[in-house]
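Engineer: My questions are about this predicted structure, shown below with the sequence.
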There are 2 protein chains.
Amino acid sequence: MPYQGKSVIVTGGSGFIGSNLTLRLVREGAHVTVVDPCVPGCGGDPRNLRDVLDRVRILGVDIAQPAVFEDAIRQADVVFNLAGEISHIHSMMNPERDLQLNTTSQLRFLQACANWNPGVRVVFAGTRQVYGVPEYLPVDEDHPINPVDFNGIHKYAATMYHLMLSRTGLLDACVLRLTNVYGPRMSLTVPGQGFLSAYLRKLELGEPLQVFGDGQQLRDPLHVDDAVEAFLMVGAARPLPSRSYNIGGPEALSLLEITRIACATAGLPEPTLRPFPAERASIDIGSYRTDSSRIRAELGWAPQVRFEDGFAQALGFYRRQAAAHGR
Amino acid sequence: MPYQGKSVIVTGGSGFIGSNLTLRLVREGAHVTVVDPCVPGCGGDPRNLRDVLDRVRILGVDIAQPAVFEDAIRQADVVFNLAGEISHIHSMMNPERDLQLNTTSQLRFLQACANWNPGVRVVFAGTRQVYGVPEYLPVDEDHPINPVDFNGIHKYAATMYHLMLSRTGLLDACVLRLTNVYGPRMSLTVPGQGFLSAYLRKLELGEPLQVFGDGQQLRDPLHVDDAVEAFLMVGAARPLPSRSYNIGGPEALSLLEITRIACATAGLPEPTLRPFPAERASIDIGSYRTDSSRIRAELGWAPQVRFEDGFAQALGFYRRQAAAHGR
């Protein structure tokens, strides 16, 4: 248990992946400081941490104000940096907000880490979105960078901060470029959290699912437990063999297959096919499949949860949650 | 003369390359609007345009306030986008200033161009700095992106804005990734404008030159007249074959050779070798040499001015200027 007694920061720790990571770190015996102002629209929800409120220090501040938690930065053994806005569509509607949340904030936060805890290990939640439309499949870490929306540009700017500050020894950072992640504690009510969030929302309400286009685009959904394991492994690795890892799911499935599995899991009829809406077509990237072989070879990480099993577990979580709240 | 009677905007038009481009455009018969607030430290100088004040509209506003020149944006046939801060060392001392000047401002400006003049041709002054330490020489446009300082990160974010907005048809942009440019109208008094600016300043004052390290790092200096020609060609090309071009000089010379030529041109003794200062060593990128074959093949551009000739011409310019001002 390498996190027993360690001091860690989880930025965005009230969000989807951040809260799952925080819950796991608490179980591992870490002293966790969560930094998350739960910016509306970003998916953070204080209720995600309700079971550990007495065992986690939760600061409702923006990472752009690091002076508020200088002590935590100075003491941190590892910083898990998951703060940010993930919505591609929000970023196209309000690019300057996205720049502030994903780049400017990170600049301030990372400078504070470099100043107050030089050389600290930082594990950043990056995104496959920076690769844009794949030039080849599966996509490895050497794939050209070609983001198709403002969100991808701003996440990549933050990625470059981590890499450049590591090159100069001010940080010891690593960027995980995550594929579509799903599981418990996704925000189902905030738009723009990805199609798997929208699916879970609809299924929980008993609504039928639709597939845009012919549904033949590949995706490799990753269960959040597998994502959390990757964060923990990278946070603990000494020394760190690489500064970027692609993190993908165990299977590449077509959107149609994914949707069929989702419907079957929920006991609903087969999905229907619909034409691609214009505002989505412009930022669609076609098929995607992750080459995760670097982290598998270097750290032994591999995704364990098949989509069929993981989706059933996630849907069960949301149904129990709804039942508990009398919905 | 494809610019006769055309409406063009030159952002950063009071700066080094921007003013040379503006003077040339005026000679070609273009209607030029210069947008340049001459931000202290960025190299812009209203005196660079003193010979064409009656033939150029000069607006001392920031590109982050595009509403001030909405009419010029709506009417522009071509936008030459050279606004920005180029100093790598400034960017490390004050990264947030660099982010504002090179990224946030560009975001606002490019959104305005896309809104008010969708599909307009934009030619952006990028930098070889985005490639970082070369993995191979000469460096072509497919070289990995790996900036070594905040300036390179922020210039690359702006580069991605141009490319992404072109992908979606909102702009018709092209990024020129320039090597070390030199010539008349460089700012010699503002620090951080590159070693050739520092050389010209010292030689004008009759001071001896020093070379840091062993002087064996290659550079391929580009005379500003050649750079201007590249901007004009790319601005006029219809259709545009590519969205990125590397723009380098005609020869790769060692820093020691460059310095010897500079000293000989000025009639000064041979340069002395000095150890690398620590603050420069951390952002030194070793040898660099541009592969400009893409723009040569696609548009017929090739650098014409050999360093020996161009440097003598530049030094003559500064000496005449100093004499005219009684220095």
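Structural biologist: Nice, thanks for sending it over. Numbers count the residues shown, from 1 in each chain, chains lettered A, B, ... in the order given.

Engineer: any idea of the mean pLDDT for stretch A:310-317?
Structural biologist: Averaging pLDDT along stretch A:310-317 yields 97.

Engineer: And it, how far out from the chain middle?
Structural biologist: 18 Å (CA atoms, centre = their mean, to the nearest Å).

Engineer: what residues does chain A put near chain B?
Structural biologist: Within chain A, the positions adjacent to chain B are A:95-96, A:99, A:103-104, A:107-108, A:111, A:142, A:144-150, A:152-154, A:156-157, A:160-161, A:163-164, A:167-168, A:282 by CB under 8 Å from any CB of the partner chain. (Each C-beta comes from the backbone N, C-alpha and C, glycine too.)

Engineer: Just the buried residues of those residues.
Structural biologist: A:95, A:99, A:103-104, A:107-108, A:111, A:145-150, A:152-154, A:156-157, A:160-161, A:163-164, A:167 (16 or more other CB atoms under 10 Å in any protein chain shown).

Engineer: how would you label the nearest residue to residue A:162 once chain neighbours are set aside: helix, strand or coil?
Structural biologist: Once flanking residues are discounted, residue A:162 sits nearest to residue A:173: 3.9 Å by CB to CB, 6 or more residues apart in numbering or on different chains. Here residue A:173 takes the strand state, with states given by DSSP: H, G, I helix; E, B strand; the rest coil.

Engineer: Just list whatever residues bridge to residue A:173.
Structural biologist: Note on residue A:173: beta-bridge partners by DSSP bridges are residue A:122.

Engineer: and it, what pLDDT?
Structural biologist: 98.

Engineer: Let me see the contact set for residue A:262.
Structural biologist: By CB atoms under 8 Å, 6 or more residues apart in numbering or on different chains, residue A:262 lies in contact with A:199, A:203, A:209, A:271, A:311.

Engineer: what do you get if the cut-off is 6 Å, keeping everything else the same?
Structural biologist: Contacts for residue A:262 (CB atoms under 6 Å, 6 or more residues apart in numbering or on different chains) come out as A:199, A:311.

Engineer: Same question for residue A:153.
Structural biologist: Contacts of residue A:153 (CB under 6 Å, 6+ apart): A:147, B:157, B:160.

Engineer: And those residues, which is the shakiest by pLDDT?
Structural biologist: For the contacts of residue A:153, the pLDDT minimum is residue A:147, 95.

Engineer: Correct me if wrong: that residue contacts residue A:130.
Structural biologist: Yes: counting by CB atoms under 6 Å, residue A:130 is a contact partner of residue A:147 at 5.3 Å.

Engineer: shared neighbours, those two?
Structural biologist: By CB under 6 Å, 6+ apart, the residues touching both residue A:147 and residue A:130 are residue A:156.

Engineer: hmm, back to that, how much space is there between the residue nearest to residue A:162 and residue A:247?
Structural biologist: Distance, residue A:173 to residue A:247, by CB to CB, to the nearest Å: 15 Å.

Engineer: And for the residue nearest to residue A:119 when sequence neighbours are not counted, the neighbour number?
Structural biologist: Ranked by CB to CB, 6+ apart and with sequence neighbours excluded, the top spatial neighbour of residue A:119 is residue A:172, at 5.3 Å. Counted by other CB atoms under 10 Å in any protein chain shown, the residues lying close to residue A:172 total 19.

Engineer: roughly how far apart are residue A:172 and residue A:78?
Structural biologist: 10 Å.

Engineer: who touches both of these two?
Structural biologist: In contact with both residue A:172 and residue A:78: residue A:121, using CB under 6 Å, 6+ apart.

Engineer: just to revisit the earlier point, quick one: contacts for the residue nearest to residue A:162?
Structural biologist: So residue A:173 contacts A:122, A:162, A:166 (CB under 6 Å, 6+ apart).

Engineer: The second one: which element?
Structural biologist: Here residue A:162 is covered by helix A:150-167, with elements defined by DSSP states H and E.

Engineer: C-alpha coordinates for that helix, CSV please?
Structural biologist: Output in CSV follows, covering the C-alpha atoms of helix A:150-167 (Å, rounded to 0.1, in the frame of the first residue of the first chain):
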residue,chain,number,x,y,z
PHE,A,150,-10.9,24.6,-28.0
ASN,A,151,-11.1,22.1,-25.2
GLY,A,152,-8.4,20.0,-26.9
ILE,A,153,-6.2,23.0,-27.5
HIS,A,154,-6.4,24.2,-23.9
LYS,A,155,-5.9,20.8,-22.4
TYR,A,156,-2.9,20.4,-24.6
ALA,A,157,-1.5,23.7,-23.5
ALA,A,158,-1.8,22.5,-19.9
THR,A,159,-0.1,19.2,-21.0
MET,A,160,2.8,21.2,-22.3
TYR,A,161,3.1,23.0,-19.0
HIS,A,162,3.5,19.7,-17.2
LEU,A,163,6.1,18.4,-19.7
MET,A,164,8.1,21.6,-20.0
LEU,A,165,8.3,22.1,-16.2
SER,A,166,9.4,18.5,-15.9
ARG,A,167,12.1,18.9,-18.5
